[in-house]
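With the sequence up front, the predicted model follows.
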Amino acid sequence: MDRETEVALCDLQAQVYVLRLALRALVRTHPDPSASLATWRAALAEVATISPVAPSYARGSEYLAERCQAFAEDWTAELVELAVPARPD
């Protein structure tokens with residue numbers, strides 16, 4: 001892997017890591033984590049009705065759409081883990 005690609009990949013991985021940390025911090029400090037989860041789900045539902053946030057050259061990319069969907073599902077799972085109290089065993 002060339003140096004430029006490696007730097008770009010590391011930058012993206014670092015951004016994802018920091019965004020996950022931010023997600024955890026927000027949910028942990030939210031007074032009603034289940035409301036946070038509900039708001040997240042509402043935001044996902046409205047994505048189809050608002051203008052896309054991806055740059056115009058990437059909007060038609062099926063790969064980008066698949067990756068966005070996968071990350072949204074990952075974040076939803078993390079929110080559920082943080083927002084829904086664990087059942088005592």
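Right, received. Where do you want to start? Residues are numbered from 1 along each chain as shown.

quick one, phi/psi of residue 62?
phi -70, psi -40 (degrees, to the nearest 10).

and the gap between it and residue 16?
21 Å (Cβ to Cβ, to the nearest Å). Yep, even glycine has a C-beta here, placed from its N, CA and C like the rest.

Skipping adjacent residues, who's closest to residue 16 in space?
Nearest residue to residue 16 in three dimensions, chain neighbours excluded: residue 71, at 7.8 Å (Cβ to Cβ, 6 or more residues apart in numbering).

What segments of the chain are strands?
Assigned strands in the chain: none (criterion: DSSP state E).

got the residue ranges for the helices in it?
Secondary structure of the chain, counting by DSSP state H: helices at 3-29, 33-46, 62-83.

possible to save these as a markdown table with distance to residue 55?
Putting these into a markdown table (distance: least, Cβ to Cβ, whole Å) gives the following:
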| stretch | distance to residue 55 |
| --- | --- |
| helix 3-29 | 15 |
| helix 33-46 | 20 |
| helix 62-83 | 10 |
